[in-house]
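Peer 1: prediction below, plus the sequence it came from.
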Amino acid sequence: MCLTHLFIPDVYTYTILIGSFCKSGLTQQARNWLNEMIQNGCSRNVVTYTAIIHAYLKQRKISDANELFESMLTQGCIPNVVTFTALTDGYCKAGHIEKACQIYARMKGSSDTSEVDLHFKVDLDGNKEPNVVTFGAMVDGLCKAHKVREAHNLLDVMLTEGCEPNHIAYDALIDGFSKVGKLDDAQEIFAKMSECGYGPSIYTYSSLIDKLFKDKRLDLAVKVLSKMLESSCPPNVVIYTEMVDGLCKVGKIDEASKLMLMMEEKGCHPKVVTYTAMIDGFGKAGKVKSCLELIEKMGNKGCAPNCITYSAAIKHCCAAGLLDEALQLLEEMKQTSWPKHMAGHLKVIEGFRREYLISLGVLEDMSNNNFLPIIPVYRLLIDSYQKAGRLE
């Protein structure tokens with residue numbers, strides 16, 4: 001006897017099968033099973049449609065998701081909050097903020113799709129009322145579209161509706177305000193988030209600290225770092241590097257150096273970018289000996305300097321008149337796996353302007369190593385010879 005005569009799948013069987021294919025990313029196969037349901041006259045429920053809609057949105061197949069959603073409505077299948085949340089989240093992540101607003105408008109039974117007038121009423125049908133996930137998706141989407149003020153208004157609506165924002169909404173707002181330069185607002189949300197018992201993500205901390213330094217708000221950046229150290233979200237190497245670089249750029253060299261030591265004490269090992277920021281900071285502060293000591297320390301720690309590190313150190317050695325040290329660094333640089341050390345040659349030639357004979361030796365070395373001298377190199381050499389009176 002044929003197997004099809006023994007077992008006829010019902011809506012639950014089909015839905016489980018469709019859900020499994022969707023979770024495996026096999027969206028087209030899932031849609032084929034839905035088409036078979038329709039052909040066999042098997043009823044579909046909201047879970048069946050929502051599974052495929054969600055899968056389409058994860059794959060950024062917006063038109064397919066929208067088409068299936070409209071088909072769902074045509075068939076008289078009423079979407080629930082899970083459907084609306086999936087659509088809102090998917091549209092926001094794909095950058096289709098207007099479509100997300102249209103979904104919200106449908107949830108509240110309104111034709112108003114304006115992003116700036118998102119008012120949610122308590123008389124929504126129970127199965128369609130926006131929940132914290134729906135709100136969070138919309139807040140995140142608005143922030144990514146740089147509509148941060150509207151996202152902030154939506155946060156107030158959440159609180160009015162008795163829907164406590166989650167860390168996703170708070171993180172999105174802090175990051176959004178930081179990126180548009182509204183650092184006071186970002187700090188306000190940061191404080192409110194802490195009061196509610198939520199800890200910002202490492203990404204949010206990084207974004208806020210970076211923008212605070214760029215806005216020259218050093219004290220606040222240090223306070224945020226202190227908050228991190230007290231929290232369950234310790235700074236990572238990216239955060240520490242941002243802090244070291246920021247402190248160096250505002251001339252707080254001693255503080256940056258102490259922070260590097262604390263970083264290592266807490267088991268977070270500096271990367272080449274961290275060392276380079278500190279080396280450049282030492283050099284700009286006239287502490288060239290400290291630059292050289294730190295390069296030596298890098299080697300002892302197993303962190304090899306790169307061409308940017310060497311170029312920065314060579315530049316500062318030349319500026320301080322430590323020309324022997326500059327040449328030694330250049331020799332080290334040539335022995336590493338960083339072949340593009342033209343910038344290092346240029347800095348040494350610039351440093352040896354008045355000692356043109358040594359500059360000539362560097363130029364010869366460049367030629368021997370198949371590095372074609374570039375126009376700035378020749379310009380520096382000509383200038384050096386002119387100043388030395390060697391016009392021939």
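Peer 2: All right, it came through fine.

Peer 1: how about residues contacting stretch 167-174?
Peer 2: Among residues not part of stretch 167-174, those counted as contacts by Cβ atoms under 8 Å, 6 or more residues apart in numbering are 132, 135-137, 139-140, 143-144, 148, 151-152, 155, 158, 186, 189-190, 192-193, 196, 198-201, 203-204, 207-208. The way it works is simple: take the backbone N, C-alpha and C, and place the C-beta from them, glycine included.

Peer 1: try it again with 7 Å
Peer 2: Counting contacts by Cβ atoms under 7 Å, 6 or more residues apart in numbering, the residues outside stretch 167-174 that touch it are 135-136, 139-140, 143, 151-152, 155, 186, 189-190, 193, 198, 200-201, 204, 208.

Peer 1: export it as PDB, just CAs?
Peer 2: Extracted in PDB, the C-alpha atoms of stretch 167-174 (Å, rounded to 0.1, in the frame of the first residue of the first chain):
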ATOM      1  CA  HIS A 167      19.600  46.200  27.100                       C
ATOM      2  CA  ILE A 168      19.200  46.200  23.300                       C
ATOM      3  CA  ALA A 169      17.100  49.400  23.300                       C
ATOM      4  CA  TYR A 170      19.500  51.100  25.800                       C
ATOM      5  CA  ASP A 171      22.600  50.000  23.900                       C
ATOM      6  CA  ALA A 172      21.200  51.200  20.600                       C
ATOM      7  CA  LEU A 173      20.400  54.700  22.100                       C
ATOM      8  CA  ILE A 174      23.800  55.100  23.700                       C
END
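
Peer 1: avg pLDDT for that stretch?
Peer 2: When pLDDT is averaged along stretch 167-174, the result is 84.

Peer 1: before we move on, what about stretch 31-38?
Peer 2: Throughout stretch 31-38, pLDDT has a mean value of 90.

Peer 1: circling back: inside strands: which ones of the contacts of stretch 167-174?
Peer 2: Among those, no member is found in strands (DSSP state E).

Peer 1: so of those, which ones are in helices?
Peer 2: 135-136, 139-140, 143, 151-152, 155, 186, 189-190, 193, 204, 208 (DSSP state H).

Peer 1: who's in contact with stretch 285-300?
Peer 2: 251, 253, 275, 278-279, 282-283, 305, 313, 316-317, 320, 322, 325.

Peer 1: next one: stretch 133-149
Peer 2: The list of residues contacting stretch 133-149 from outside it, by Cβ under 7 Å, 6+ apart, reads 81, 84-85, 88-89, 92, 97, 100, 104, 115, 150-151, 154-155, 158, 163, 166, 168-169, 172-173, 175-177, 180, 182.

Peer 1: and for stretch 81-88?
Peer 2: Applying Cβ under 7 Å, 6+ apart, the external contacts of stretch 81-88 come out as 46, 50, 53-54, 57, 69, 100, 103-104, 107, 127-129, 131, 133-134, 137-138.

Peer 1: also stretch 259-275?
Peer 2: Contacts of stretch 259-275 with the rest of the structure, by Cβ under 7 Å, 6+ apart, involve 235-237, 240-241, 243-244, 247, 278, 294, 298, 303, 305-306, 309.

Peer 1: list just the nearest of those residues to residue 8.
Peer 2: The shortest approach to residue 8 among the contacts of stretch 259-275 belongs to residue 236, at 55.7 Å (Cβ to Cβ).

Peer 1: most neighbours, which of the contacts of stretch 259-275?
Peer 2: In terms of neighbour count, residue 243 stands highest of the contacts of stretch 259-275 at 28 neighbours, by other Cβ atoms under 10 Å.

Peer 1: buried subset of the contacts of stretch 285-300, written for ChimeraX?
Peer 2: For selection in ChimeraX, the members of the contacts of stretch 285-300 meeting the burial criterion (16 or more other Cβ atoms under 10 Å) are listed in this command:
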select :253,275,278,279,282,283,305,313,316,317,320,322,325
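
Peer 1: could you name the helices and strands sitting against the host helix or strand of residue 47?
Peer 2: When elements are defined using DSSP states H and E, residue 47 is found to belong to helix 46-58. Helix 46-58 is packed against helix 11-23, helix 27-39, helix 62-74, helix 81-93, with contacts defined by 3 or more Cβ pairs under 7 Å, 6 or more residues apart in numbering; DSSP states H and E.
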